[in-house]
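Asks: Sequence first, then the predicted structure, then my questions.
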Amino acid sequence: MSEEELKERAQRLLQQFDPGEVDQFTFRGAQYDAGLAWVSFPVGLGGLGIQRSGQSIVNETLREGGSPYHDLFINFIGIGMGAPTMLQFGSAEMMERHFRPIFTGEEIWCQLFSEPSSGSDVAGIPSRAVLDGNEWVVNGQKVWTTLAHVAKFAMLLVRTNPDAPKHAGLSYFIMEMNSPGVEVRPLFQMTGEAEFNEVFLTDVRIPAYNMVGGPGDGWRVATATLMNERVTLGGGSGGKGGGPIRSLMRTWNEHRDELPPHQFAVLRDKVSDLWIRAEVLRLTNQRSRDVAASGQPGPGGSVGKLMSGQLNQLIFSTCLDIQGTDSLIYPEGYPMVRTDSSRNGSVVRQFLRSRAGTIEGGTTEIQKNIIGERVLGLPGDLRVDKNIPWRDLER
């Protein structure tokens, strides 16, 4: 499909459903039905069955036409991780049931992987699921779960076979967050918001047909989710000059005339350097998406995730340098409130939130290991627990 035809389809959508006159669910539902949600997905499932690189053409056309919606702020876990994972491993019924409300944002998703006792060793999690007839009964605890308090569905990783080695004994489920036995408790961050949560699972029953893949396939399915997560987290939130670098340029333009000459010269060079680095990151992520056009993201997504986490912290630190003493005050205060979506807010808030960027989705250290082993081909760490049944591991 040509670039012009893609643009025409997007423009036709804007003409038929003016985003300034219809609500989010109507506009994005029409976008899904037109095959412009994920153009690389099959026809009838939000796509056109064409190369993934065509999505940037659609998104740019919609932005230019006045569409205010961006996947990262609508439902970034469902759109960036849940749908691609289901496309690769899920059943036809799962895709038919979930894809459209995921894309419109009618059904928010969260990810239940991390646990308090396992740290970055996701494969070592102890939460258990036991088969009881046609249902799996789950008990355990999850932590750092973004937007669990507003999510309708979760991607859940639990242990179903404690007698297998830790990577082989996991299974992956879709779980309804309103199921009996699910308790969500807030974890307040230094931004004053509770975006993250801990989730307690007590005798939660999940239908067997909600397993994604087969028993013991959990690590393979979860790895696909994590690869997509790293591409999503590293991919920014807009085209050229978009995302965090836009906040820096806006801050620079607002305050540069107030700076003394010596500080102006130093910060001008720093802002220029960061803009170049942000553009290099954007092009790196575009290359990663193009490479994955005919399949799933690979370990190269860790490059973008690693770069973005570190770069965003530098960007917002520079914003505070430009603002000077104005940055000593948090404009929103510390309201200690829940948040129902990702948001930008002040650069002070973004500075505080950027601390999480080198932890969430796999720490900086984990990303370096992945890049070293799976991109550069360096020898991996010695893993003495690789073939030992999980039940026999020291904990």
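Replies: Structure received. Numbers count the residues shown, from 1 in each chain.
Asks: what's residue 187 sitting at in phi/psi?
Replies: phi -120, psi 110 (degrees, to the nearest 10).
Asks: swap that for residue 173, please
Replies: Main-chain torsions, residue 173, degrees, to the nearest 10: phi -130, psi 160.
Asks: With residue 155 instead?
Replies: Backbone torsions of residue 155, given as degrees, to the nearest 10, read phi -90, psi 110.
Asks: Check what pLDDT it gets.
Replies: We have a pLDDT of 98 for residue 155.
Asks: Could you list the low-confidence segments of the stretch 151-300 of the chain?
Replies: 233-239, 289-298, 300 (pLDDT under 70).
Asks: Which residue ranges of it form helices?
Replies: 218-234, 244-255, 261-291 (DSSP state H, counting those that start in this stretch).
Asks: Quick one: closest of those to residue 305.
Replies: helix 218-234 (3.9 Å; C-beta to C-beta). Every residue, glycine included, has its C-beta placed from N, CA and C.
Asks: Which strands and helices lie in contact with that closest one?
Replies: helix 71-77, helix 83-89, strand 153-159, strand 170-176, helix 261-291, helix 301-323 (3 or more C-beta pairs under 8 Å, 6 or more residues apart in numbering; DSSP states H and E).
Asks: In CSV, list those along with distance to residue 59 and mean neighbour count.
Replies: Shown next, in CSV, are the helices and strands packed on helix 218-234 (distance: least, C-beta to C-beta, whole Å; neighbours: other C-beta atoms under 10 Å):
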stretch, distance to residue 59, mean neighbour count
helix 71-77, 9, 21
helix 83-89, 16, 22
strand 153-159, 24, 26
strand 170-176, 27, 24
helix 261-291, 12, 15
helix 301-323, 17, 22
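Asks: any chance of the ones you listed in TSV, with distance to residue 55 too?
Replies: Shown next, in TSV, are the helices and strands packed on helix 218-234 (distance: least, C-beta to C-beta, whole Å):
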stretch	distance to residue 55
helix 71-77	10
helix 83-89	12
strand 153-159	22
strand 170-176	24
helix 261-291	8
helix 301-323	16
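Asks: Can you say which of those is nearest to residue 54?
Replies: Nearest of those (C-beta to C-beta): helix 261-291, 10.6 Å.
Asks: which strands and helices sit next to that closest one?
Replies: If contacts are counted by 3+ C-beta pairs under 8 Å, 6+ apart, helix 261-291 sits against helix 218-234, helix 244-255, helix 301-323.
Asks: Specify the residue ranges that define each domain of this structure.
Replies: As assigned by automatic domain parsing, the chain contains the domains 3-104, 109-216, 222-375.
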